[in-house]
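# here's my sequence, what's the structure:
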Amino acid sequence: MSYTGDGRLPVIYVRGFAGGRGGINDAVADPFYGFNEGSVQVRVVDSARPQFHQFESPLLRLMIDHEYQLLVEGNQATYLQTRGDGDVPAATIWVHRFYDDYSTELVTDAPAFSIESASQKLFEMVQLVRRRTGAPRVFLVAHSMGGLVVRGMLQRVIPDTLGPDGRPLVASDLVDRVFTYATPHGGIEFDVGFGLLEKLRDTLGVQGADIFGPRRMREYLTPASATEPEGGFDATVLPDGSFPRERFFCLVGTNASDYDVALGLSARAVGPRSDGLVQIDNAYIDKAPRAFVHRSHSGRYGIVNSEEGYQNLRRFLFGDLEVTADLTGLRLPGTRDDDTVWQLESQMSIRGLPVVLHEQSAAHLCPIQIERPRTTDDAARPVPLVRTYLWSKASRPQDPRTGAPSTTMRHVLRLRLLSLRKSGGLLSFLDHLEQAEDWSDVLVVDIEISQDAQPRAWAEWGSRVEGALRDWKPDPGATLPLTDEEDAPGVWRACVGVPEAARPLLGAGAAVTIQVQGRATLDRAVHV
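Numbers count the residues shown, from 1 in each chain. I've put the predicted structure just below:
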């Protein structure tokens, strides 16, 4: 069966760090390296009795929601090797079982684990899957260290490999999109020890954990022919030409308290501003799309076996609209020298989902820090709020006026602005009102793709909506949509001014600027 071009490319999962021999032997005993694990969560509904929410696992959900196949027949690797080119369906799921080569349960005199070898084996698997399915590219989905295995392939193995024309291969010719859960893109650092723990780890290589230090990261993330970049090596930067940043998504966990590995010692060492193992600032690539969710690195409340993780995953892989929102024209009162710290919280929800897809908050130690312009003449820089993906084929509620499914895709952006006072460089609580925001509101945005493929959007602030937000309905026949202010083809952009009551605080020109553009896998045309 050759590739049909429907956008469902093969998915290859890459797992995280297992530790030493014992951890590796435990890992290989799992047929799907943990991506088959689900979770049961509890939420309170209309009574005191809790209601369970079952999440089946990202592997099963792709099979249910997008009709992917999981082809095993005893051994996935053998299955691929024994099939002919073009004989395997493209909408299939594969697990990169790189630890099998290092398990004493499976290999006599098994060698020590090498991330370079895992990246090379991933490259070989990508090539094999492409040949057997006829798909032009693959989707890569990785947890924790698995994201570094993926980057080792993209940034070192592929550039160091020559194609039939004698030129280095190009990663985006082989891989369409990459999604990472809680990957330590900037390495793993500790909140204690003043750097001594990192030095001991990197010097002694305890359990092979030196792969999370800068020296080893530079080795497996840099092509053999590369020169030292200006400014030095920075692991959080995707080098120009290695892989498009817009096709790399980082899901960041912010829940350290529920990570109970080593009886919680890991979470205490790494610090509260983490997922329990990876600090927030090290969990994403510079300038790449990302989302923050209140999940721990793994375990019962882990980021992989969560509805939040899966919904971000499926929208990044299959979403046909990219939506970004920035706070523009912001002019806060005071000056850079008035010792006032401004923090903005953002939260994004999509209609029909039981979870929040993105949340940056002070409670989770990751609010958006507002930087003042250096001079009053500087143009106020946009404050990025969210970058998300909508899927036009997702199910929608029934429109009570017509009885048909709603024609719009709805997402809600909640914003909350807080200020803190400093005195002598330290926070002052003399005039502080804990959890009393200076401004908060929610912006309801409905996006519709019309028959001519041009988007239309309506937006309203919650403070202006009478009644429940779910009951607000823009009337496409009577209510004018937002005006497109973008001349560039394929891009739609509009500004929604903040409510009048908020303008004295935020600025007369403060607005949320929304941009919508079509997106598709690289083999399909983009229509907006």
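
# show the average pLDDT along the lengthiest helix in the chain.
In the chain, taking DSSP state H as the definition, the longest helix is helix 115-133. Helix 115-133 carries an average pLDDT of 98.

# now do stretch 263-273
Summarised as a single mean, pLDDT over stretch 263-273 is 90.

# repeat for stretch 96-108
95.

# CA-only coordinates of it in PDB, if you can.
Written as PDB, here are the backbone C-alpha positions of stretch 96-108 (Å, rounded to 0.1, in the frame of the first residue of the first chain):
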ATOM      1  CA  HIS A  96      12.100   2.700  18.500                       C
ATOM      2  CA  ARG A  97      13.300   0.000  20.800                       C
ATOM      3  CA  PHE A  98      16.900   1.300  21.000                       C
ATOM      4  CA  TYR A  99      17.500  -0.100  24.500                       C
ATOM      5  CA  ASP A 100      17.200  -3.700  23.300                       C
ATOM      6  CA  ASP A 101      20.800  -3.600  22.100                       C
ATOM      7  CA  TYR A 102      22.000  -2.800  25.600                       C
ATOM      8  CA  SER A 103      20.000  -5.200  27.700                       C
ATOM      9  CA  THR A 104      21.600  -8.100  29.300                       C
ATOM     10  CA  GLU A 105      18.200  -9.800  29.200                       C
ATOM     11  CA  LEU A 106      18.400  -9.800  25.400                       C
ATOM     12  CA  VAL A 107      22.100  -9.600  24.400                       C
ATOM     13  CA  THR A 108      25.100 -11.500  25.700                       C
END
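
# mind listing residues that contact it?
For stretch 96-108, contacts defined as CB atoms under 8 Å, 6 or more residues apart in numbering pick out 12-15, 18, 21, 24-25, 27-29, 33, 76-77, 110-113, 117-118, 121-122, 125, 146, 149. C-beta here means a position set from N, CA and C on the backbone, and glycine is covered the same way.

# can you tell me which of these end up in helices?
Per DSSP H, the contacts of stretch 96-108 map to helices at 21, 24-25, 27-28, 76-77, 117-118, 121-122, 125, 146, 149.

# most neighbours among the residues you listed, which one is it?
When neighbours are counted by other CB atoms under 10 Å, residue 149 leads those with 30 neighbours.

# now that residue. Nearest residue, chain neighbours left out?
Nearest residue to residue 149, sequence neighbours excluded (CB to CB, 6 or more residues apart in numbering): residue 118, at 4.7 Å.

# what about the one you found, distance to residue 368?
Counting by CB to CB, to the nearest Å, the gap between residue 118 and residue 368 amounts to 35 Å.

# got the buried residues for stretch 171-182?
171-172, 174-182 (16 or more other CB atoms under 10 Å).

# residue 494: which of those residues is nearest?
Of all those, residue 177 has the smallest distance to residue 494: 26.9 Å, by CB to CB.

# please name the bridge partners of that closest one.
residue 139 (DSSP bridges).

# show me what contacts it?
139-140, 247-249, 316-317, 521.

# nearest to residue 57 among these?
residue 317 (15.9 Å).

# helices of the protein, start to end?
21-28, 58-65, 76-81, 115-133, 145-152, 196-204, 214-221, 265-270, 307-318, 503-506.

# so which of the ones you listed comes closest to residue 243?
With CB to CB as the measure, helix 145-152 is the member of the helices of the chain nearest residue 243 (8.3 Å).

# the longest strand anywhere in the chain - contacts with which helices or strands?
Criterion DSSP state E: the longest strand present in the chain is strand 409-423. Other helices and strands packing on strand 409-423, by 3 or more CB pairs under 8 Å, 6 or more residues apart in numbering; DSSP states H and E, are strand 321-328, strand 340-350, strand 383-390, strand 426-428, strand 439-449.

# buried residues in it?
409-419.

# just the angle between that strand and strand 321-328, please?
30 degrees (axes from the mean of the first three to the mean of the last three CA atoms, to 10 degrees).

# from the chain's centre, how far out does strand 409-423 sit?
Here the centre of strand 409-423 is set off from its chain's centre by 21 Å, with CA atoms, centre = their mean, to the nearest Å.

# pLDDT score for the nearest residue to residue 19 once chain neighbours are set aside?
Excluding the flanking residues, the one nearest residue 19 by CB to CB, 6+ apart is residue 207, at 5.0 Å. Looking at residue 207, its pLDDT is 85.

# same question for residue 6.
The model reports residue 6 with a pLDDT of 87.

# use 31 as the first number from now on
In the new count, where the first residue is 31, that last one comes out as residue 36.

# any idea how many residues pack against it?
11.

# residue 320 now?
By other CB under 10 Å, neighbour count at residue 320 equals 19.

# got the CA positions of stretch 235-252 in CSV?
Taking Å, rounded to 0.1, in the frame of the first residue of the first chain, the C-alpha atoms of stretch 235-252 are listed here in CSV:
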residue,chain,number,x,y,z
GLY,A,235,29.1,9.5,34.4
VAL,A,236,27.0,7.9,37.1
GLN,A,237,24.4,5.6,35.4
GLY,A,238,25.3,7.3,32.1
ALA,A,239,23.6,10.5,33.3
ASP,A,240,26.5,12.6,31.9
ILE,A,241,24.6,12.7,28.6
PHE,A,242,22.5,15.5,30.3
GLY,A,243,25.6,17.7,30.8
PRO,A,244,26.9,20.4,28.3
ARG,A,245,30.1,18.5,27.3
ARG,A,246,28.3,15.4,26.1
MET,A,247,25.4,17.3,24.7
ARG,A,248,27.7,19.2,22.5
GLU,A,249,29.3,16.0,21.2
TYR,A,250,26.1,14.3,20.1
LEU,A,251,24.3,17.4,18.9
THR,A,252,27.0,18.8,16.7
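
# list the buried residues of that stretch.
Buried, per 16+ other CB under 10 Å, within stretch 235-252: 238-244, 246-247, 250-252.

# could you do stretch 137-150 as well?
Buried residues in stretch 137-150 (16+ other CB under 10 Å): 140, 143-150.

# which helix or strand in this structure has the lowest average pLDDT?
Least confident helix or strand of the chain, by mean pLDDT, DSSP states H and E, is strand 456-458 with a mean of 68.

# show the contacting residues for residue 341.
With CB under 8 Å, 6+ apart, residue 341 has these contacts: 380, 383, 385, 387.

# on that earlier part again, kindly export the longest helix of the chain (C-alpha atoms) in CSV.
Provided in CSV are the C-alpha atoms of helix 145-163 (Å, rounded to 0.1, in the frame of the first residue of the first chain):
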residue,chain,number,x,y,z
ILE,A,145,23.1,8.0,22.7
GLU,A,146,25.0,8.4,19.4
SER,A,147,24.2,4.8,18.6
ALA,A,148,20.5,5.3,19.5
SER,A,149,20.4,8.3,17.1
GLN,A,150,22.0,6.3,14.3
LYS,A,151,19.6,3.4,14.8
LEU,A,152,16.7,5.9,14.8
PHE,A,153,17.9,7.2,11.4
GLU,A,154,18.0,3.7,10.0
MET,A,155,14.5,3.0,11.3
VAL,A,156,13.2,6.3,9.8
GLN,A,157,14.6,5.3,6.4
LEU,A,158,13.2,1.8,6.7
VAL,A,159,9.7,3.0,7.7
ARG,A,160,9.7,5.5,4.8
ARG,A,161,10.6,2.8,2.3
ARG,A,162,8.1,0.2,3.5
THR,A,163,5.2,2.7,3.8
